[in-house]
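*Asks:* sequence and predicted model, in that order:
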Amino acid sequence: MGVPVETVRLGGGGARSSLWRQIQADVYGHAVEILAAEEGAAYGAAILAGVGAGVWPSVDEACARSVTVAARVETDPLAAALLENRYAAYRAIYPVLRKIAEKANW
């Protein structure tokens, strides 16, 4: 889509797993940040309510003042390169495998 990725933030139950956080950082090829608030949806709703009630003048201001990063997981360059290599191989063979599956009615 051509949109530059500046930050990847994780929240919720999946963000509790250190293995899953590392996998995501490696797959994305970007460091991931874990937010201090564990309940992302409810926290986001509270921030929006605060903006609506006039506590903050904008969503950007509310987030700047209330969203905090608890931890950051850096990409493992070797794992990221391996994943990128394997994904390129998958993308190369997928069209052929799809044709085979279609012919076999899978």
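*Replies:* Yep, it's here.

*Asks:* and residue 94, that one's in a helix?
*Replies:* Yes: Residue 94 forms part of a helix when assessed by DSSP: H, G, I helix; E, B strand; the rest coil.

*Asks:* okay, it: pLDDT?
*Replies:* Turning to residue 94, the model gives it a pLDDT of 96.

*Asks:* what's the domain layout of the chain?
*Replies:* Split into domains by automatic domain parsing, the chain comes to 1-75, 78-106.

*Asks:* out of the ones you listed, deepest packed?
*Replies:* With neighbours taken as mean count of other CB atoms under 10 Å, the domains of the chain reach their highest mean count in domain 1-75, at a mean of 13. C-betas here are computed from N, CA, C, even on glycine.

*Asks:* got the end-to-end distance for that domain?
*Replies:* End-to-end distance of domain 1-75 (CA to CA, to the nearest Å): 22 Å.

*Asks:* all the helices of the chain, residue numbers only.
*Replies:* Using DSSP state H, the helices of the chain run over residues 18-28, 40-52, 59-66, 77-103.

*Asks:* CA atoms only: put stretch 47-63 into CSV for me.
*Replies:* Extracted C-alpha coordinates of stretch 47-63, given in CSV (Å, rounded to 0.1, in the frame of the first residue of the first chain):
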residue,chain,number,x,y,z
ILE,A,47,-9.7,7.5,25.8
LEU,A,48,-12.4,8.3,23.2
ALA,A,49,-14.9,9.0,26.0
GLY,A,50,-12.3,11.3,27.6
VAL,A,51,-12.0,13.2,24.3
GLY,A,52,-15.8,13.3,24.0
ALA,A,53,-16.1,14.7,27.6
GLY,A,54,-13.5,17.4,26.9
VAL,A,55,-10.7,15.9,29.0
TRP,A,56,-8.4,16.1,26.0
PRO,A,57,-8.9,18.3,22.9
SER,A,58,-8.1,15.5,20.4
VAL,A,59,-7.5,11.8,20.1
ASP,A,60,-3.9,12.5,19.2
GLU,A,61,-3.4,14.5,22.4
ALA,A,62,-5.2,11.9,24.5
CYS,A,63,-3.0,9.1,23.2
